[in-house]
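# I'll drop the sequence and a predicted model, then ask my questions.
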Amino acid sequence: MANTFNLDHIDVLVHSCIRIQSEAGTVIYFDPFKVDTEPHDADYVLVTHAHYDHFSPEDIARVAKATTELVAPATMKDEAPKAACSAVHLMQVGERIEFADISVEAVAAYNVEPERLGFHPHDNAWIGYVVTVDGTRIYVAGDTDPNPDTLQVSCDIALIPIGGTYTMDPRQAAGFINTIQPRTVIPTHYGSIVGSMDDPHAFAELVNPDIEVVLKL
């Protein structure tokens with residue numbers, strides 16, 4: 001697995017709003033939310049699902065420029081045009097799109113814990129993404145539990161939710177990461193809507209020491 005990606009090119013801005021930039025300057029946002037500036041620098045916006053804190057047309061407008069392209073789950077075909085991007089690409093689990101200098105793979109994202117089944121049901125066909133940027137496979141999980149699909153993911157860097165309530169909690173997230181074994185993990189989805197600022201420390205203590213834990217929030 002590659003281990004050369006500059007982690008300074010990954011930002012977790014708030015909650016699950018993530019910005020990744022390639023060495024060539026391509027900018028990818030995931031689930032823009034509570035964006036407090038108007039950078040208009042996104043080449044691609046990838047949305048994991050339709051909840052308001054992940055699909056916010058107003059926040060997408062703040063990061064988008066005239067040529068920004070949107071990627072979203074196929075089940076969001078009615079909502080996706082509200083983002084007013086130059087092109088919309090709808091993906092199903094298992095599909096892959098090749099862009100000019102990145103590739104995008106759709107991975108299933110859903111709950112399996114009984115108390116969460118109503119939040120992100122399997123049948124909604126919502127997704128996370130594995131993007132290959134500068135030869136590095138970066139997994140952005142979206143809102144999910146560890147499940148038979150996510151446990152098959154192969155990646156170099158993983159950005160996963162740890163806040164509990166709607167997604168895996170720190171203990172479950174650490175077990176998940178210890179199973180898929182990326183080189184680096186960056187926890188997300190805590191400290192605002194759900195989860196506390198203590199969660200990433202509890203998570204880090206449970207992650208195998210040979211996996212690098214990087215905090216970006």
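Happy to help now that I have it. Residues are numbered from 1 along each chain as shown.
# Counting residues, which helix of this structure comes out longest?
Ordering each helix of the chain by length in residues (DSSP state H) puts helix 170-180 first.
# Next secondary structure after that helix?
Using DSSP states H and E, the helix or strand that follows helix 170-180 towards the C-terminus is strand 184-188.
# just the strands in this protein please.
Along the chain, counting by DSSP state E, strands occupy 10-14, 17-21, 27-30, 42-46, 64-73, 87-91, 96-98, 102-108, 127-133, 136-140, 157-161, 184-188, 212-213.
# would JSON lines of those with mean neighbour count be doable?
Where C-beta positions appear, they are placed from N, C-alpha and C, glycine not excepted. Shown next, in JSON lines, are these (neighbours: other Cβ atoms under 10 Å):
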{"stretch": "strand 10-14", "mean neighbour count": "19"}
{"stretch": "strand 17-21", "mean neighbour count": "21"}
{"stretch": "strand 27-30", "mean neighbour count": "24"}
{"stretch": "strand 42-46", "mean neighbour count": "23"}
{"stretch": "strand 64-73", "mean neighbour count": "20"}
{"stretch": "strand 87-91", "mean neighbour count": "16"}
{"stretch": "strand 96-98", "mean neighbour count": "12"}
{"stretch": "strand 102-108", "mean neighbour count": "20"}
{"stretch": "strand 127-133", "mean neighbour count": "24"}
{"stretch": "strand 136-140", "mean neighbour count": "24"}
{"stretch": "strand 157-161", "mean neighbour count": "28"}
{"stretch": "strand 184-188", "mean neighbour count": "26"}
{"stretch": "strand 212-213", "mean neighbour count": "17"}
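# now the ones you listed in a markdown table, with mean pLDDT and distance to residue 151?
What follows is those, written out as a markdown table (pLDDT from 0 to 100; distance: least, Cβ to Cβ, whole Å):
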| stretch | mean pLDDT | distance to residue 151 |
| --- | --- | --- |
| strand 10-14 | 93 | 23 |
| strand 17-21 | 97 | 22 |
| strand 27-30 | 98 | 21 |
| strand 42-46 | 98 | 22 |
| strand 64-73 | 98 | 20 |
| strand 87-91 | 98 | 20 |
| strand 96-98 | 98 | 19 |
| strand 102-108 | 98 | 11 |
| strand 127-133 | 98 | 13 |
| strand 136-140 | 98 | 12 |
| strand 157-161 | 97 | 12 |
| strand 184-188 | 97 | 15 |
| strand 212-213 | 97 | 19 |
